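Undergrad: Got a predicted structure here, sequence first:
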Amino acid sequence: MKNSKFPGVIKRMLVVFLLAAIAIGVGFIWMQRTDMDDDPLRLYGNVDIREVQLAFRQPGRIAEMMFDEGDAITRGMRMALLDDQPYQDALASAKASMQVAQAELAKLRSGLRPQEIIQAQEALKQAQAIARNAEHDYQRQNGLLPSGASSRQAVDAARAARDQAVAGVASAKAVLSLATEGFRAEDIAAAEAQLAAAQAARAQATTALADTELLAPSNGTVIARVREPGSMVASQSTVYSLSLDKPVYVRAYVGEPDLGRIAYGTRVRVTSDSSDKVYRGQIGFISPRAEFTPKTVETTDLRTDLVYRLRIVINAADSDQGLRQGMPVTIEVDTGTDISTHTGNH
């Protein structure tokens, strides 16, 4: 009986040891996974600094180029000039045309001068006097016709003279009415439109003259001086290439398994091989579309794995000349941050 109990005890002990081993293994795996989740997410990327191709908006001959390659530029600095004489002449012509349009509109709005109105009034009086005299002459000739003292021909001539005088009175009245009432509303509206067109032409000429100055759009460094004084350039022809100081971006890629560990606004630390300085920043963009890892990017996963492109914005306070275009960098993502509180695209 005693010997028959040993196999059962051994079996129970083996089951207990097996369950304990499984529990220990599961706990170990869980602890390892927890430690892995707490570890910073390390990514690799390259510095991506924006560049601007500077050009004149107007064509012409370059008069001055103020900066050379490597010069630091502050926003608003005058970097180059075109010969502005043709644009000065065009502006003077536009101003003269506008003054003519203003004078024409003022004349129409004010109507005729008082002297011209008086002249029309006197012309009407003269026409009325002629009409009265023609009427009296007609009546006299017509009255003499029965006695034979006047002929039919003389009566007809007097009648024609009277009718002509009456028409002269009507014409003089119309002239006086025009002088008194002023010009038509349609004529004034047309003059107003001509003035507006002249003002627009002057504004366009003023803008063209201002465009003969090339101003720096932001702080940066000249990386290429493309033209020299005396060169003829078309509009939109590049004369400088400018590398912007801020913002500084980093282009990186994250694998699909780690996509849930980041979000917009997640804080990161960026380092390079050229210095020990740590640059702070945050994730400003996560591509909604997967792609294959570019050959220039190295990750711990296989290159054939699908990844998502990130854009990291370096804090303005940390930006300096230590980060240069195309420089490879290492990014450590602060996965301890509550990423649910970070929203928005930067």
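TA: Great, that's in hand.

Undergrad: From Val313, how far off is Gly284?
TA: 4 Å (Cβ to Cβ, to the nearest Å). To be clear about C-beta, it is placed using only N, CA and C from the backbone, and glycine gets the same treatment.

Undergrad: One more: Met66?
TA: Where Val313 is concerned, Met66 sits at a distance of 31 Å (Cβ to Cβ).

Undergrad: What of Ile262?
TA: For Ile262, the distance to Val313 (Cβ to Cβ) stands at 14 Å.

Undergrad: ok, now Ala120?
TA: Ala120 sits at a distance of 78 Å from Val313 (criterion: Cβ to Cβ).

Undergrad: go on, Val329?
TA: Shown here: Val329 relative to Val313, a distance of 13 Å by Cβ to Cβ.

Undergrad: Quickly find the element holding Pro86.
TA: In the assignment (DSSP states H and E), Pro86 maps to helix 85-110.

Undergrad: Can you name the element that comes right after that helix?
TA: In the C-terminal direction, the helix or strand that comes right after helix 85-110 (DSSP H and E) is helix 114-144.

Undergrad: pLDDT on that following helix, on average?
TA: If you average the pLDDT over helix 114-144, you get 80.

Undergrad: name the helices or strands packed onto that helix?
TA: Using 3 or more Cβ pairs under 8 Å, 6 or more residues apart in numbering; DSSP states H and E, the elements in contact with helix 114-144 are helix 152-181.

Undergrad: Now do the helix it packs on: which elements does it pack against?
TA: Checking 3+ Cβ pairs under 8 Å, 6+ apart, helix 152-181 ends up next to helix 114-144.

Undergrad: Of Met66 and Val313, give the one with the bigger neighbour count.
TA: When neighbours are counted by other Cβ atoms under 10 Å, Met66 and Val313 differ, and Val313 comes out ahead with 19 against 15.

Undergrad: thinking again about what came up before, which residues do Ile262 and Val313 both contact?
TA: When Cβ atoms under 8 Å, 6 or more residues apart in numbering defines a contact, the residues bordering Ile262 and Val313 alike are Ile283.

Undergrad: mind listing what Ser274 touches?
TA: Ser274 is in contact with Gly322, Met327, counting by Cβ under 8 Å, 6+ apart.

Undergrad: Does it lie in a helix or a strand, and which?
TA: Secondary structure here is read from DSSP H and E; on that basis Ser274 sits in neither a helix nor a strand.

Undergrad: centre of the chain versus stretch 213-220, how much separation?
TA: If you compare the mean C-alpha spot of stretch 213-220 with that of the full chain, they lie 16 Å apart, counting by Cα atoms, centre = their mean, to the nearest Å.

Undergrad: Low-confidence ranges, the stretch 151-300 of the chain, go.
TA: 178, 180-183, 292-300 (pLDDT under 70).

Undergrad: All the strands of it, in order from the start?
TA: 213-215, 220-225, 232-233, 238-255, 267-272, 279-286, 291-292 (DSSP state E, counting those that start in this stretch).

Undergrad: And the longest one, what's buried?
TA: Judged by neighbour count (16 or more other Cβ atoms under 10 Å), strand 238-255 contains these buried residues: 239-245, 248-255.

Undergrad: So what's the gap between that strand and the chain middle?
TA: Here the centre of mass of C-alpha atoms in strand 238-255, compared against the chain's by Cα atoms, centre = their mean, lies 21 Å away.

Undergrad: the inter-axis angle of that strand versus strand 279-286?
TA: Using axes from the mean of the first three to the mean of the last three Cα atoms, to 10 degrees, one finds that strand 238-255 and strand 279-286 are set 80 degrees apart in direction.
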